[in-house]
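# below are the sequence and a predicted model; questions follow.
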Amino acid sequence: MAKIGIFYGSTKGNTERVVTEIQKQLGGDAVAALHNVNSATADDMQPYNYLILACPTWEIGQLQEDWESFVDELADVDFAGKKIAYVGLGDADGYPDTFIDAPGIIHERIKDKGVTVVGWWPTEGYNFEASKSVYDGKFLGLVIDEDNQKDLTAGRIEKWVASIKPEFQ
């Protein structure tokens, strides 16, 4: 079984493309297994000590629709001792006041359940006003803006994956 579980929701395919590239750079499906939250359960998360939770922010700071249905499942997961990395996608120009809110919404649900967050990401290089995913001046995890900075996506994924690999050993 893969040792990293990547749980994602994707409506237009951007998040799925990003997590597929992350999976590839982590070593493929033997190392990291993809789980679309539209068909996942809390039981699917339980075997993994390492999780990547990927969610785009929709509209004005909302969870992607599949995550909206799945987020309540997190109450049934024993996160004690698990390392979690977040991936968020959003549109900084269109929604600068709620940019990448979705990972922050998910994190609020599980932050007191014994998780260790890895993969923090700098806020520099993004033009936004506010985000629920910023803690102590950093994003909870990788931030991708496919709408305005698509040319930076590949480099950001590569740098972020290199930063989390040692954490997921």
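Right, received. Where do you want to start? Model, not experiment: these values are computed from the prediction.
# may I have the longest strand anywhere in the chain as CSV, with CA atoms only?
Taking DSSP state E as the criterion, the chain has its longest strand at strand 50-58. What follows is strand 50-58 as a C-alpha-only set of coordinates in CSV (Å, rounded to 0.1, in the frame of the first residue of the first chain):
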residue,chain,number,x,y,z
TYR,A,50,1.0,11.0,5.8
LEU,A,51,-1.8,12.9,4.1
ILE,A,52,-2.1,15.6,1.5
LEU,A,53,-5.4,17.4,1.5
ALA,A,54,-6.0,19.4,-1.7
CYS,A,55,-9.0,21.7,-2.1
PRO,A,56,-9.7,24.7,-4.4
THR,A,57,-11.5,27.7,-3.0
TRP,A,58,-14.7,28.4,-4.8
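# what lines up beside it in the sheet?
Note on strand 50-58: by DSSP bridges, its sheet partners are strand 4-8 (parallel), strand 62-63 (antiparallel), strand 83-89 (parallel).
# just name the most buried of these.
Mean neighbour count, computed with mean count of other C-beta atoms under 10 Å, is highest for strand 83-89 among these, reaching a mean of 26. For every residue, glycine as well, the C-beta is placed using N, CA and C.
# right, and the helix or strand after that strand?
Sequence-wise, the next helix or strand downstream of strand 83-89 (DSSP states H and E) is helix 101-110.
# contacts for that following helix, please.
Residues from elsewhere that reach helix 101-110, judged by C-beta atoms under 8 Å, 6 or more residues apart in numbering: 53, 55-58, 61-64, 67, 71, 74-75, 77, 79, 84, 86-88, 90, 117, 131-134, 139-141.
# mean confidence for it?
The average pLDDT within helix 101-110 is 96.
# residues of that helix that come out buried?
Within helix 101-110, the residues that qualify as buried are Asp101, Ala102, Pro103, Gly104, Ile105, Ile106, His107, Ile110, counting by 16 or more other C-beta atoms under 10 Å.
# what of stretch 63-82?
Neighbour counts using 16+ other C-beta under 10 Å place Leu63, Gln64, Asp66, Trp67, Glu68, Phe70, Val71, Glu73, Leu74, Val77, Phe79, Lys82 of stretch 63-82 among the buried residues.
# would you reformat these as CSV and include secondary structure?
As requested, those are exported to CSV (DSSP: H, G, I helix; E, B strand; the rest coil):
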residue, secondary structure
Leu63, strand
Gln64, coil
Asp66, helix
Trp67, helix
Glu68, helix
Phe70, helix
Val71, helix
Glu73, helix
Leu74, helix
Val77, coil
Phe79, coil
Lys82, coil
